[in-house]
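# Have a look; sequence and predicted model below, questions after that.
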Amino acid sequence: MINNSDRMDRITEALDEASEIKGRSLWADARRRFFRNKAATGAVVALFLVVVFVIIGPSFAVWSNEEIDWNVMGMVAEKGAPSIESGHFFGVDELGRDLYSRTIQATRTSLIVGVIGAIVAVTIGTIYGATAGFVGGWVDGLMMRFVDIMIAIPYMFIIILLMVMFERSFFMLFVGIGIISWLEMARIVRGQTLSLKNREFVEAAKACGVGWFTIILRHIIPNLLGLVVVFASLLVPLMILIESFISFLGLGVQEPQTSLGALISEGAGTILYGTIWQLFIPLFFFLVTIISLFFIGDGLRDALDPKDR
Amino acid sequence: MLNYILRRLLTAIPTLLVLVIICFLMMHAAPGGPFTSERPLPPEVLANIEAKYGLNKPLYAQLWDYLVGVVTRFDFGPSFIYKDRSVNDIIAQGFPVTLTYGTISFVVATIVGVAMGVFAALRHNTWVDYLAVGATFSAQALPNFVMAPILVIIFTWQLGWLPGGGWNGGQWQYVVMPVIALSTSYMASIARIQRTAMLEVLHSNFVRTARAKGLPNSTIIWRHAMKPALMPVVSYLGPSFVAMITGSVVIDLYFSTGGVGLHYVNAALNRDYAVMLGVTILYGALTIIFNLIADIVYAWLDPKIRY
């Protein structure tokens, strides 16, 4: 009997707990699906490690990113290889600067470019697309015709033109990348808005006399959020790729600033001297970042895609 | 069909005009003219030179002259840096090279990508499929500027099979590495798109019907599944061709193939706006034409599109 009542207690306890379980929201559902995806979870961990490295890495650095180690300068191939004793954990670059600090600096630049570029693109694209789709009519036609024309222009050349014409700076890079990257976003958002705008909740808002911009901001955009998140997560690696491409050509950020593309370019130029770490260390960080961002984007798409439920 | 093509052509023309005008205005908004140098010229000399190039006219007149030159004579004007060569000479010299390996890369990426995608879809959830998915996933993160040095390390350095750069009239040894470097990441994208599309088609009702009728597998795949499964790839071909053309800048720079890209980067570094403008317009025109072709092929393949 005692045993039995014990069990009863446990069952009541379990039932009590069960009654406290709340229904899962759509986002909680998506989160659960996302973390069940092993590749995506691994990618989050990898990306997290890269970010942590960028944040706390500098405090372990023996050399700053601007100091030149005069002892190895001119003998980079023989003496500049990665070693713990000399304090150059990742070796030195062509000029004798510490590659460890340079890599941290470059990774930070690339991550910032990716995130800010994506934020700019998403903000402009979402508002533009939602407005075009919601207002409709000739406004929509005009706005989307403009996007069609802009999309047909080879953007890489426009960015290079911008970077050459105005002073090469971070700001111009963002402007250049921002100008072109919102276009695709605007198209996708517009399509989705068209299907949302005749739904009942929008009609109800209209009937209450809510202004059109408020409807877009409060009713349309929250419903677009899943799509936007997926697209934004795929935009980040794209931005990093574009920036690296431009920096590889030597037209991106300027010294003493650097980015992963610039470091890969330098490393690719000096492999002939046998300084192979100058290519492979930045390349490693580049690939880890890009591949994990790809996996995260893919995982988010699977998690948020209503088709898959 | 003809009607549709004509209509698309008519929308392509204003796009091209807008492109030319935007680039032209950007060029003129740039601080510092082409003849401002560290040693300033006497003002009279400068005025003479500017008169020779028509730079003393009002902006709209310059734009008009340029447009007329481009449209009627395909004349992009003189270079601002090279005395003996016009922009046309530079393009005529470099473009055939770019076009050669660009086209080869495009064909290779399409054929291999489609084949890989179909093969992976047909062997869905086997190790072949996993291998293909894994390979394409990592290959997508290998853009041309990463592939180029890696290829040189392997094939020129370690194995010594291929020359590390140059063009040599397009001898095959010189073409292999540019083509691999340029096509890898697009091959991977095409393969992924093709695999997804093929899987979707293979699970659709009409394929099940075909199987139920007892058609042989090869007929189902070639006659029924292939065409709809190619649609998403076709719509991706336009953008990927454009991206490859853009990527050729890196290839020209790294392998010294002597294509247009090298001149473009040199022009960008020397502020030779005339060359930059000419090349941008040329590539923009290619972009627009290729998107047009892709749209037409798409309309021709897809019976659901009414034109």
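Yep, it's here.

# Tell me the buried residues in stretch A:267-286?
In terms of neighbour count (16 or more other Cβ atoms under 10 Å in any protein chain shown), stretch A:267-286 has its buried residues at A:267-268, A:270-271, A:275-283, A:285-286. The C-beta positions use only the backbone N, C-alpha and C, and glycine is treated the same way.

# can you check stretch A:175-184 too?
Using 16+ other Cβ under 10 Å as the burial criterion, the residues of stretch A:175-184 that qualify are A:176-184.

# Average pLDDT for it, rounded please.
Here the mean pLDDT over stretch A:175-184 is 80, rounded to a whole number.

# Could you list the contact residues of the stretch 1-150 of chain A toward chain B?
When proximity is defined as Cβ under 8 Å from any Cβ of the partner chain, the stretch 1-150 of chain A approaches chain B at A:148-149.

# make it 7 Å
A:I149 (Cβ under 7 Å from any Cβ of the partner chain).

# The residue in the stretch 101-250 of chain A that chain B sits nearest to: neighbouring residues, count only.
Nearest to chain B, among the residues of the stretch 101-250 of chain A, is A:M165, at 3.9 Å (Cβ to the nearest Cβ). Residues within reach of A:M165, counting by other Cβ atoms under 10 Å in any protein chain shown, total 20.

# Surely it and B:L25 touch.
No. In this structure A:M165 lies outside contact range of B:L25 using Cβ atoms under 7 Å: 11.0 Å.

# and the strand or helix carrying A:M144, what's its mean pLDDT?
Remark: A:M144 resides in helix A:137-152, with elements defined by DSSP states H and E. This predicted structure assigns helix A:137-152 an average pLDDT of 80.

# Which strands or helices does it pack on?
Under the contact definition 3 or more Cβ pairs under 7 Å, 6 or more residues apart in numbering or on different chains; DSSP states H and E, helix A:137-152 sits against helix A:99-135, helix A:170-196, helix B:2-29, helix B:273-301.

# Format those as CSV; extra columns: distance to A:G141.
Written out in CSV, the entries for the helices and strands packed on helix A:137-152 read as follows (distance: least, Cβ to Cβ, whole Å):
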stretch, distance to A:G141
helix A:99-135, 9
helix A:170-196, 11
helix B:2-29, 12
helix B:273-301, 18
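
# Go through those and name the closest to B:T100.
B:T100 lies closest to helix B:273-301 among those, at 14.4 Å (Cβ to Cβ).

# Check whether the closest one comes near chain A.
Yes. Contact check for helix B:273-301 against chain A, using Cβ under 7 Å from any Cβ: residues in range are B:276, B:280, B:283-284, B:287-288, B:291.

# Using JSON lines, please lay out these together with pLDDT.
Conversion of the residues of helix B:273-301 next to chain A to JSON lines gives the following (pLDDT from 0 to 100):
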{"residue": "B:M276", "pLDDT": "80"}
{"residue": "B:T280", "pLDDT": "81"}
{"residue": "B:Y283", "pLDDT": "81"}
{"residue": "B:G284", "pLDDT": "79"}
{"residue": "B:T287", "pLDDT": "79"}
{"residue": "B:I288", "pLDDT": "78"}
{"residue": "B:N291", "pLDDT": "77"}
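
# Can you report how many residues lie near residue 218?
Looking at chain A here, since you left the chain open. Burial of A:R218 is recorded as 11 neighbouring residues (other Cβ under 10 Å).

# Please refer instead to chain B.
For B:S218, the number of neighbouring residues by other Cβ under 10 Å comes to 8.

# And what about it, helix, strand or coil?
Each residue gets one of three states, and B:S218 gets helix by DSSP: H, G, I helix; E, B strand; the rest coil.

# any idea how far chain A is from it?
In this structure, B:S218 and chain A are separated by 30 Å, where distance is defined by Cβ to the nearest Cβ, to the nearest Å.

# any idea how far that residue lies from B:N125?
Distance of B:S218 to B:N125, given as Cβ to Cβ, to the nearest Å: 21 Å.

# Enumerate the residues of chain B near chain A.
Residues of chain B lying near chain A by Cβ under 7 Å from any Cβ: B:15, B:18-19, B:23, B:26, B:29-30, B:137-138, B:140-141, B:143, B:145-146, B:148-149, B:153, B:242, B:246, B:249-250, B:253, B:265, B:268, B:271, B:276, B:280, B:283-284, B:287-288, B:291.

# isn't B:A285 right up against B:L17?
No. B:A285 is beyond contact range of B:L17, at 10.9 Å (criterion: Cβ under 7 Å).

# Including distance to B:A225, could the residues of helix B:273-301 next to chain A go into CSV?
Putting these into CSV (distance: Cβ to Cβ, whole Å) gives the following:
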residue, distance to B:A225
B:M276, 46
B:T280, 41
B:Y283, 36
B:G284, 37
B:T287, 31
B:I288, 32
B:N291, 27
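
# and the residue of the stretch 51-200 of chain B found nearest chain A, what helix or strand is that in?
Of the stretch 51-200 of chain B, the residue with the smallest distance to chain A, taken as Cβ to the nearest Cβ, is B:P149 at 3.6 Å. Per DSSP H and E, B:P149 falls inside helix B:144-151.

# The stretch 1-150 of chain B: strands as residue ranges?
Ranges of strands within the stretch 1-150 of chain B: none, based on DSSP state E, counting those that start in this stretch.

# show me where pLDDT drops low in chain A?
Where chain A drops to pLDDT under 70, the residues are A:1-4, A:14-26, A:62, A:65-87, A:95-96, A:167-168, A:272, A:274, A:305-309.

# for the helices and strands packed on helix A:137-152, which one ends up most surrounded?
Using mean count of other Cβ atoms under 10 Å in any protein chain shown, the stretch among those with the greatest mean number of neighbours is helix A:99-135 (a mean of 23).

# Give the other helices and strands that that helix contacts.
With contacts defined as 3+ Cβ pairs under 7 Å, 6+ apart, the secondary structure elements packing on helix A:99-135 are helix A:38-56, helix A:137-152, helix A:170-196, helix A:221-248, helix A:260-270, helix A:277-304.

# can you rerun that using 8 Å?
Using 3 or more Cβ pairs under 8 Å, 6 or more residues apart in numbering or on different chains; DSSP states H and E as the contact definition, the elements that helix A:99-135 packs against are helix A:38-56, helix A:137-152, helix A:170-196, helix A:212-215, helix A:221-248, helix A:260-270, helix A:277-304.

# could these be laid out in CSV, adding distance to B:Y130?
Compiled in CSV, the helices and strands packed on helix A:99-135 are given as follows (distance: least, Cβ to Cβ, whole Å):
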stretch, distance to B:Y130
helix A:38-56, 12
helix A:137-152, 35
helix A:170-196, 30
helix A:212-215, 46
helix A:221-248, 22
helix A:260-270, 29
helix A:277-304, 15
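
# Perfect, I'm done here.
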